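Asker: sequence and predicted model, in that order:
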Amino acid sequence: MKPLIFQKSDGGKVEISRYALTRMLAFVQDTPRKNEAGGVLLGRHLLESPDIVVDEITVPMAGDRRGRSSFYRDHHRHQQAIQNAWQESRGTCAYLGEWHTHPERCPTPSGTDRREWLRKLQADVFDGDGLYFIVVGTSSLRIWEGMKTTLQCALIGEYVHPGVSGVQDNNPC
């Protein structure tokens, strides 16, 4: 599996490492017993470039609340993971956004998701002009870019999971 690369609105690229991608795909809700999962995106803003790389993610932790169609992460535990990554990397590994799963083929953000993304753009402290939001469905993963200046979120890409049956022309939606 190769890293995923998506085009940002400023012409730069966002790369999702194989490691981060593999970890997210491990939580695909491909059976009725699997609840939503999620966490934060951690990575780097490349020097003298508009590009970013998602190297790592957090995964569900104690204190998170997970249901079939809901996920609420424990802010304190994930925040501690963000701070640890920042300190261990000597200030190069930063908070880049959020990810979670949906029990649907073509993941579409709910009203709750969009309200939470807007809240994060307004309230969270982060480097750069935006945050990235990934929703992992049962057939594909989609990524949205949220801009701090406009408070708008736009879909910037989709990736069809490998081995998805019944998908033609690499487009499940």
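Answerer: It's in.
Asker: please count neighbours and contacts with C-alpha atoms only from this point.
Answerer: OK.
Asker: where in the protein is pLDDT low?
Answerer: Across the chain, the ranges flagged by pLDDT under 70 are 163-173.
Asker: now do 90
Answerer: Residues of the chain meeting the criterion pLDDT under 90: 1-2, 47, 75, 91, 125-128, 161-173.
Asker: going along the chain, name the strands of it.
Answerer: Counting by DSSP state E, the chain has these strands, from start to end: 4-7, 13-16, 38-45, 52-57, 65-67, 70-72, 94-101, 130-136, 140-147, 153-160.
Asker: how far off centre is the fourth one?
Answerer: Put plainly, it is strand 52-57. 9 Å (CA atoms, centre = their mean, to the nearest Å).
Asker: before we move on, what about the fifth one?
Answerer: When C-alpha coordinates are averaged (CA atoms, centre = their mean), strand 65-67 and its chain have centres 17 Å apart.
Asker: quickly run through the sheet partners of that strand, with directions.
Answerer: Using DSSP bridges, the strands paired with strand 65-67 are strand 70-72 (antiparallel).
Asker: for the partner strand, what is the distance to the chain centroid?
Answerer: Using CA atoms, centre = their mean, the offset of strand 70-72 from its chain centre is 14 Å.
Asker: same question, stretch 56-71
Answerer: With CA atoms, centre = their mean as the basis, the mean position of stretch 56-71 lies at 13 Å from the chain mean.
Asker: distance of A20 from G11?
Answerer: 23 Å (CA to CA, to the nearest Å).
Asker: so these two - more neighbours on which side?
Answerer: A20 (19 against 10; other CA atoms under 10 Å).
Asker: list the contacts for the closest residue to that one other than its chain neighbours?
Answerer: Closest residue to A20 apart from its sequence neighbours, by CA to CA, 6 or more residues apart in numbering: E56 at 5.0 Å. For E56, the contact set (CA atoms under 8 Å, 6 or more residues apart in numbering) comprises S17, Y19, A20, L41, L42, G43.
Asker: pick the one among the residues you listed closest to R114.
Answerer: Of all the contacts of E56, L41 has the smallest distance to R114: 17.0 Å, by CA to CA.
Asker: now that closest one: how far from D30?
Answerer: Look at L41 and D30: by CA to CA, they are 22 Å apart.
Asker: quick one: which of these two has more around it?
Answerer: L41 (26 against 15).
Asker: and the more buried one, what are its bridge partners?
Answerer: Counting by DSSP bridges, L41 forms beta bridges with I57, G97.
Asker: residues in contact with it?
Answerer: V54, D55, E56, I57, T58, Y95, L96, G97, E98, W99, Y132.
Asker: got a markdown table for those residues, with distance to G157 too?
Answerer: Shown next, in a markdown table, are the contacts of L41 (distance: CA to CA, whole Å):
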| residue | distance to G157 |
| --- | --- |
| V54 | 15 |
| D55 | 18 |
| E56 | 19 |
| I57 | 19 |
| T58 | 21 |
| Y95 | 20 |
| L96 | 16 |
| G97 | 15 |
| E98 | 15 |
| W99 | 14 |
| Y132 | 11 |
